[in-house]
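Novice: task: produce atomic coordinates for the following.
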Amino acid sequence: RQPASRSEYPSGNLTGEAPIREISFSIGFTARELTPQLAAILHASAGVLVSQVTKGSVTERAGLKAGDVIIGMQERSLLNVSQLQAFLAAQHGTVALKVVRTREPIVVSFNIQ
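Specialist: The predicted structure is shown next:
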C-alpha cells in the first residue's frame, strides 16, 4: 500500500511570487527586497528593507535601524539588494546611504574599512 500523497506548499508561498530571502551584510545588517505591498505600507517607491541591525556594528553606531528602507547611496538610486551588495563591496572609507524612516528621508553615514 502506498502512502497517501499530500500537497505541500514550500515556504507557505501561495501567491506565486519568488520567496523573499534575507541577505546579510558584513558591516552589520540584514536586508531584503522591498515587495510592492511593503513599499505601499512604508511609502517608498523602491529600495531595500533593513530587517535586522547587529548590535554594536558600524551600521548600528551610524544609526541604521530595522524597518529603514535604503533608497539610494551617494548620488545613485537603489532598486534591489544585488545593487546594494555590489555598491558596498566596492566601497572603502565613508559611505552615505539615503534612507526613508517613518516616511522621512534621512542620510546614514558610516566608515567601511
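Novice: leaving out sequence neighbours, find the closest residue to the residue nearest the centre of the chain.
Specialist: For the chain, the residue sitting closest to the mean C-alpha position, by Cα atoms, centre = their mean, is Ala31 at 2.8 Å. Computed as Cβ to Cβ, 6 or more residues apart in numbering, the closest residue to Ala31 that is not its neighbour in sequence is Val48, at 4.7 Å. The way it works is simple: take the backbone N, C-alpha and C, and place the C-beta from them, glycine included.
Novice: ok, the one you found - contacts?
Specialist: Applying Cβ atoms under 8 Å, 6 or more residues apart in numbering to Val48 gives the contacts 31-34, 69-70, 78, 80-81, 84.
Novice: tell me the pLDDT of it.
Specialist: At Val48, the pLDDT value in this model is 94.
Novice: is it bridged to anything, and to what?
Specialist: Glu33, Ile70 (DSSP bridges).
Novice: shouldn't Ile23 be in contact with Ala31?
Specialist: Yes - counting by Cβ atoms under 8 Å, Ile23 does reach Ala31; the two are 5.7 Å apart.
Novice: what touches both of the two?
Specialist: The contact sets of Ile23 and Ala31 overlap at Val81 (Cβ under 8 Å, 6+ apart).
Novice: pLDDT (mean, whole number) over the longest helix belonging to the chain?
Specialist: Using DSSP state H, we find that the single longest helix of the chain is helix 81-89. On average, the pLDDT along helix 81-89 is 92.
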